[in-house]
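**Q** okay, predicted coordinates and the sequence, questions at the end:
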Amino acid sequence: SASRRSADTRTRPRTSCFRTSVFAFIDVIGAHALTSMTQTASGASAVAYKVMKSERPAETPVVSKHLSVIPLAKVNLFLLDSLKGTNVAQGLLGNEQLAWLGRMLDRHPEKPAFIFAHHNPRLAGDEKYFDGGLEDSNPLWDLLETRAQVKAYVHGHVHDRRFYRHRDIHIIDTPATSFVLRNAESTTGWTMAQLSDRGGEFTTLTHLKQHAWNGAVRKLMWRPA
């Protein structure tokens, strides 16, 4: 039904520009700062949606979760809420959210898909960060691997800039936008993405102009559809 479809997918028109700074918002969209607010019926959540009135959905596909599908010119973005609980380091999507993601991916097979969540998957990269990562990483990847349009998973949480790949799906670790976890090696910044049908070019920009990450570019090619 129309009402069910409205509850399942919150899509709004976005700029058709290939270059987008949406990667800069991974620690806002998927971070504890916002998702913990959506877990409560009052208090912090009320404050969040007073500021971001247009972001408050009339209905939510999964209770207390902030989910969205954002169509861009070259890709579709799927925003997930990986908060397991307030002040809990580990992330969790849960069966309901995974089912929603599967439905949305099946409904939007026409363009490459990027999956956004705050927590890092426990599948690739430095294992010292796995304890605080996404608990249901394996079920998530089983779902993603069978949808050929899924090209990348983008996350925050680790406060780093790294690129990995698991089962031909890219994992993009984005820098923090405010809090620096390890001053000796990391800093705050954002990632600009120039996307095409076959791949993308990812440029990191940092607030510290002399930092090694500033201006660093990584080119990625998508797995076959």
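**A** Ah, there it is.

**Q** okay, CA-based contacts and neighbour counts for the rest of this
**A** Fine.

**Q** partners of residue 166 in the sheet?
**A** In this entry, residue 166 is beta-bridged to residue 169, by DSSP bridges.

**Q** what is the burial count for it?
**A** Applying other Cα atoms under 10 Å, we find 15 residues neighbouring residue 166.

**Q** output stretch 103-112 as PDB, restricted to C-alpha atoms.
**A** This file holds the C-alpha atoms of stretch 103-112, laid out as PDB (Å, rounded to 0.1, in the frame of the first residue of the first chain):
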ATOM      1  CA  ARG A 103      13.600  -5.000   0.900                       C
ATOM      2  CA  MET A 104      15.000  -1.600   0.000                       C
ATOM      3  CA  LEU A 105      17.900  -3.000  -1.900                       C
ATOM      4  CA  ASP A 106      15.600  -5.300  -3.900                       C
ATOM      5  CA  ARG A 107      13.400  -2.300  -4.600                       C
ATOM      6  CA  HIS A 108      16.300  -0.200  -5.900                       C
ATOM      7  CA  PRO A 109      18.600  -2.400  -8.100                       C
ATOM      8  CA  GLU A 110      19.100   0.100 -10.800                       C
ATOM      9  CA  LYS A 111      22.200   2.000  -9.500                       C
ATOM     10  CA  PRO A 112      25.300   1.200  -7.400                       C
END
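
**Q** point out where this protein drops to low pLDDT.
**A** 1-52, 54-57, 127-130 (pLDDT under 70).

**Q** go with 50
**A** Counting by pLDDT under 50, the chain has low-confidence residues at 1-47.

**Q** tell me the phi and psi of the most centrally placed residue in the chain?
**A** When the chain is reduced to its mean C-alpha position, the closest residue under Cα atoms, centre = their mean turns out to be residue 116, at 1.5 Å. Backbone geometry at residue 116, expressed as degrees, to the nearest 10, gives phi -110, psi 130.

**Q** return the distance of it relative to residue 211.
**A** Here the distance between residue 116 and residue 211 works out to 26 Å (Cα to Cα, to the nearest Å).

**Q** cool, residue 102 as well?
**A** As judged by Cα to Cα, residue 102 and residue 211 stand 39 Å apart.

**Q** kindly report the same for residue 217.
**A** In this structure, residue 217 lies at 14 Å from residue 211, with Cα to Cα as the measure.

**Q** the strands in the protein, which residues?
**A** Remark: strands assigned in the chain by DSSP state E are 19-20, 68-71, 76-79, 113-116, 150-155, 162-166, 169-173, 189-195, 199-206, 217-221.

**Q** mind listing what residue 90 touches?
**A** Taking Cα atoms under 8 Å, 6 or more residues apart in numbering as the criterion, residue 90 is in contact with 83, 84, 119, 131, 132, 133, 134, 135.
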